[in-house]
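In: Show me how the following folds:
(chains A and B)
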Amino acid sequence: MNVLVFLIPVSLILGGLGLAAFLWTLRSNQYDDLDGDAWRILSDDDTPPPSR
Amino acid sequence: MSEAAACPACIGLPEAPLEKAAANGSAQIMLSLPGIHCVACINGVERALCAMDGVASARVNLSMKRVTVGTHQPVTPEAMIDTLELAGYEARLLDRSLLGNETDAYGRGLMTRLAVSGFANMNIMLLSVAVWSGAVGATMHMFHWITACIAIPALIYAAQPFFANGWRGLKVGKVNMDVPISLAILLASGISLYETLYGGAHSYFDAAVTLTFFLLIGRYLDHRSRKAAASAAAQLSALEAPRVMRLAGDTREMVDFAALAIGDLVQVLPGGRIPVDGTVTEGQSQLDRALLTGESRPATAQVGTKVTAGEVNMTGPLIIRADTVGADTTLRKMVTMVDEAEAVRNKYTAAADRAAAVYAPVVHLMAVAAFAGWMLYSGDFRLSLNIAVAVLIITCPCAMGLAVPAVSTTAAGRLFRAGLLVKDGTALERLAEVDTVVFDKTGTLTMPSAARETLDPQTQAVALALTQNATHPISQAIAASLDGVTAAKITDQQEHPGKGISAIYQGQDVRLGAGHWLGAGRGTYVQIGDNRPQKITLRAALREGAQALVHSWQELGLSVHLVSGDDPAETAAIAQQLGISSWQAEAQPKDKIAYIAKLADAGAHVLMVGDGLNDTGALAAAHASVSPASAADASRAASDIVLLNDSLTPLIELPAVARAAKARIVENFTISTIYNVIAVPVALAGFATPLIASIAMSASSITVLLNALRLRGRL
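Out: Residues are numbered from 1 along each chain as shown, chains lettered A, B, ... in the order given. Here you go, the predicted structure:
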């Protein structure tokens, strides 16, 4: 029972961090061109996208 | 069809916003790149553009197959297109103003809700599994309380789209799919909260959240395929909108098409499309009427010639007095025809809507019946409500909500990668029913091309030198057919509007142009010095992939027809070459519609493939329609599917994909029905614990998603 007192908040916080990270990627346009980004990662001379 | 459809009047729209931006010195230009597919293309396009003077940035979006170019000094889109063409990439201009706002707030909102419900779902499941596997007493109650604390705020936020849509339906007195969904979510959380407060054994929070999560996946997929369709429509109407140049006294100004009045003088440069019905007051030229009539030979225009909107001016600048504007132009009459034809097709209801109309009342009835039955049998209100909720959750159209969007998103994605834009949500379902195909000839199956065999090598070199930089379609066709020949060195090249091109080659005059100008017969000739003019045979060559396309569609069992506005000899030749036995020549727009109507009356589901303005009515009248991206704006707007490449090859797999998609949709409905047939009796009998409800629901949704993904592979 004592374990749960730590375990549940920890799992919620870690999950929440993951959620926050996802929302950040969503808001910074990282899902605009999934096909292109999959290829670009292989290219040496890639430049970051122009900011909007 | 969207309301963006069928607006040939857009032909006259100016590119004002683009020009305004260009005047500021920092413009963003968007080009469509139908041919790109890999990292080499991305780098090639970006490098070619960035090397141009004035280009500040270039960013390719591979998913959308387009590039956004930022400039710090004016660069014309034409120059960019030429640069890309030299680098080996096909490009077309997109009008940014018509594409609208690129950020998709609704989709992003759905994604956020999806993330929140997914997060809640994971944590609740963790706790629920503990309860299912035997947690009892204080532990179970604590777990119920924790799940309640996670689920209620998550549901309030994430399930909003369903509540809003269901409420909207109820307000107008209609029970849509979102009503049972909202009811299930609300009842399940209500019951669970009650059970938690009073220490009951069952809570349905996990089921409610899982339901929301899966339904949001369906909603998001649905939104994505709709958005792709909408952006396809926008992208199509944004493709190359030409300008209207009005002459007022000595000044020339670009005006809105709608601002033209009768008697206004409009200048049309070579290569431009004529925006109004009118009379030529100045200039001499040749007109390409193929878009309107299908006639592939150019017509001569001089002072006094009546011209019609939609024709393309080919050789010299023309000044045209507008005789009719607004609703009276041929173009607008065509729109009316299209609208009438489309009204017929709009009666088609998608499979999902048909299913929802049957399904939603059944779900409610079943839940009510379960409640009433158990109430009568046991008299226990709490037990009866619990069972009714279980029925509602199990029958909830979660898999049903995924069945269609999952399939159409996968199919549309596959077709887009092949170079086909699916514009209408019901297009694939209609395409699957197609058993007859009607092709237009000029511009669809054939492209103008000049035969090189008739010229000797020296003349070929001269002809190429004369034509390679010209904009006239015939010149371009000649130059294209002389691919591989080295151009001769010529000087003093001059264009003679309405006649042809002349230059100096090795000290003698060389001329290429109309027969009457060179003292020869009808047709296009090339002359070196005082030698006899040599005729350049212009014949329509088959578009790449046409032969294979017709052949494989015939093998699929489609009956193929050819209807053209061109003369019988030309049409017969092409029909014979392609092995098409039923054809009709010299067809006017209304003849084409009648031809399709006749086939439809005989019970055929017709697919129309065409590109001209003269095909627009037929495209709209047919059960389904396809047009190439080179087609007139109105035709593209009226068709369901647009072919982005020049080759017809991608069309080959279209019927197969459409049929497979329809089969998958039917299978998906079957799968979710089977799950219901098994799970509903269990729920009605009162054995459906939250565990069983969750498992049944998740399993059916996942099977449906996986089944849809089968479309990606071989068919």
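In: make it CA atoms for all contacts and neighbour counts henceforth
Out: Noted.
In: need the residues of chain A near chain B, please.
Out: Counting by C-alpha under 8 Å from any C-alpha of the partner chain, the positions of chain A adjacent to chain B are A:1, A:11-12, A:15-16, A:19, A:22-23, A:26, A:32-36, A:39-40, A:42-43, A:49-50.
In: Of the residues you listed, keep whichever come out buried.
Out: Those of the residues of chain A next to chain B that meet the buried threshold are A:12, A:15, A:19, A:22-23, A:26, A:32, A:35-36, A:40, by 16 or more other C-alpha atoms under 10 Å in any protein chain shown.
In: Show residues contacting stretch B:206-214.
Out: Applying C-alpha atoms under 8 Å, 6 or more residues apart in numbering or on different chains, the external contacts of stretch B:206-214 come out as B:114, B:117-118, B:120-121, B:124-125, B:128, B:147, B:151, B:155, B:158-159, B:184-185, B:188-189, B:393, B:398, B:690, B:693-694, B:697-698, B:701.
In: got a list of what B:A658 touches?
Out: B:411, B:428-429, B:431-432.
In: The closest residue to chain B within chain A: what's it in contact with?
Out: As assessed by C-alpha to the nearest C-alpha, chain B sits closest to A:G36 within chain A, at 4.6 Å. With contact taken as C-alpha under 8 Å, 6+ apart, A:G36 is in contact with B:38-39, B:42, B:60-63.
In: Format those as a markdown table; extra columns: neighbour count, secondary structure and pLDDT.
Out: Compiled in a markdown table, the contacts of A:G36 are given as follows (neighbours: other C-alpha atoms under 10 Å in any protein chain shown; DSSP: H, G, I helix; E, B strand; the rest coil; pLDDT from 0 to 100):
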| residue | neighbour count | secondary structure | pLDDT |
| --- | --- | --- | --- |
| B:C38 | 15 | coil | 79 |
| B:V39 | 19 | helix | 80 |
| B:I42 | 24 | helix | 86 |
| B:V60 | 24 | strand | 87 |
| B:N61 | 20 | strand | 84 |
| B:L62 | 25 | coil | 82 |
| B:S63 | 17 | coil | 77 |
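In: what subset of those residues is also close to chain A?
Out: Of the entries in these, those that also sit close to chain A under the rule C-alpha under 8 Å from any C-alpha are B:38-39, B:42, B:60-63.
In: Helices of chain A, start to end?
Out: Listed in chain order, the helices of chain A (DSSP state H) span A:2-27, A:34-40.
In: Surely B:I319 is within a helix?
Out: No - the assignment for B:I319 (DSSP: H, G, I helix; E, B strand; the rest coil) gives strand, which keeps it out of a helix.
In: Measure how buried it is and give me the count.
Out: 22 (other C-alpha atoms under 10 Å in any protein chain shown).
In: From B:G278, how far off is it?
Out: Shown here: B:I319 relative to B:G278, a distance of 10 Å by C-alpha to C-alpha, to the nearest Å.
In: Closest one to B:L512 out of the contacts of B:A658, please.
Out: Proximity to B:L512 was ranked across the contacts of B:A658 by C-alpha to C-alpha; first place goes to B:L431, at 46.2 Å.
In: Which strands and helices lie in contact with the host helix or strand of that closest one?
Out: Counting by DSSP states H and E, the element that carries B:L431 is helix B:427-432. Counting by 3 or more C-alpha pairs under 8 Å, 6 or more residues apart in numbering or on different chains; DSSP states H and E, the packing neighbours recorded for helix B:427-432 are strand B:624-628, helix B:654-684.
In: got those as CSV, with distance to B:T446 and mean pLDDT columns?
Out: Below are the helices and strands packed on helix B:427-432 laid out as CSV (distance: least, C-alpha to C-alpha, whole Å; pLDDT from 0 to 100):
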stretch, distance to B:T446, mean pLDDT
strand B:624-628, 12, 87
helix B:654-684, 20, 87
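In: before we move on, which element is whichever residue of the stretch 201-350 of chain B sits closest to chain A in?
Out: In the stretch 201-350 of chain B, the residue found nearest to chain A is B:R224; the distance is 12.2 Å by C-alpha to the nearest C-alpha. Of the helices and strands defined by DSSP H and E, B:R224 is found in helix B:205-238.
In: could you point out which element follows that helix?
Out: Moving toward the C-terminus from helix B:205-238, the first helix or strand encountered (DSSP H and E) is strand B:245-248.
In: Mind giving me the packing neighbours of that following strand?
Out: Secondary structure elements in contact with strand B:245-248, counted by 3+ C-alpha pairs under 8 Å, 6+ apart, are strand B:251-254, strand B:265-268.
In: Span of stretch B:372-387 from start to end?
Out: 10 Å.
In: got it, and stretch B:553-561?
Out: For stretch B:553-561, the first and last residues are 11 Å from each other (C-alpha to C-alpha).
In: ok, back up a step: which one of the buried ones among the residues of chain A next to chain B sits closest to B:G529?
Out: The nearest one, if we look at these relative to B:G529 and count by C-alpha to C-alpha, is A:G36, at 54.5 Å.
In: circling back to that earlier point, worst mean pLDDT among the helices and strands packed on strand B:245-248?
Out: Per-segment confidence across these bottoms out at strand B:251-254, which has a mean of 72 in mean pLDDT.
In: With just CA atoms, put that one into PDB.
Out: Presented in PDB, the C-alpha positions along strand B:251-254 are these (Å, rounded to 0.1, in the frame of the first residue of the first chain):
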ATOM      1  CA  THR B 251      -3.200  53.300 -68.800                       C
ATOM      2  CA  ARG B 252      -3.300  49.600 -68.300                       C
ATOM      3  CA  GLU B 253      -4.600  48.200 -65.000                       C
ATOM      4  CA  MET B 254      -5.300  44.900 -63.500                       C
END
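In: Name the strands paired with that strand and say parallel or antiparallel.
Out: Sheet pairing for strand B:251-254, assigned by DSSP bridges, gives strand B:245-248 (antiparallel).
In: Can you point out the buried residues in the strand it pairs with?
Out: The neighbour-count check on strand B:245-248 (16+ other C-alpha under 10 Å) flags B:245-247 as buried.
In: Then stretch B:652-668?
Out: Under the neighbour-count criterion of 16+ other C-alpha under 10 Å, stretch B:652-668 has B:652, B:654-665, B:667-668 buried.
In: do stretch B:548-559 as well
Out: B:549-551, B:553-554, B:558-559.
In: For chain B, give the residue positioned nearest to chain A.
Out: Of all residues in chain B, the one sitting closest to chain A is B:L62 (4.6 Å; C-alpha to the nearest C-alpha).
In: Contact partners for that residue?
Out: Taking C-alpha under 8 Å, 6+ apart as the criterion, B:L62 is in contact with A:33-36, B:36-38, B:42.
In: Measure how the helix or strand hosting B:M375 sits relative to helix B:654-684, angle-wise.
Out: With secondary structure defined by DSSP H and E, B:M375 is part of helix B:351-378. On the basis of axes from the mean of the first three to the mean of the last three C-alpha atoms, to 10 degrees, helix B:351-378 is oriented at 10 degrees to helix B:654-684.
In: same for the helix or strand that helix B:351-378 is followed by, what does it pack against?
Out: Per DSSP H and E, helix B:351-378 leads on to helix B:381-395 as the next helix or strand towards the C-terminus. Judged by 3+ C-alpha pairs under 8 Å, 6+ apart, the packing partners of helix B:381-395 are helix B:178-197, helix B:205-238, helix B:351-378, helix B:654-684, helix B:690-709.
In: Buried deepest among those, which one?
Out: The highest mean neighbour count among the helices and strands packed on helix B:381-395, using mean count of other C-alpha atoms under 10 Å in any protein chain shown, belongs to helix B:205-238: a mean of 24.
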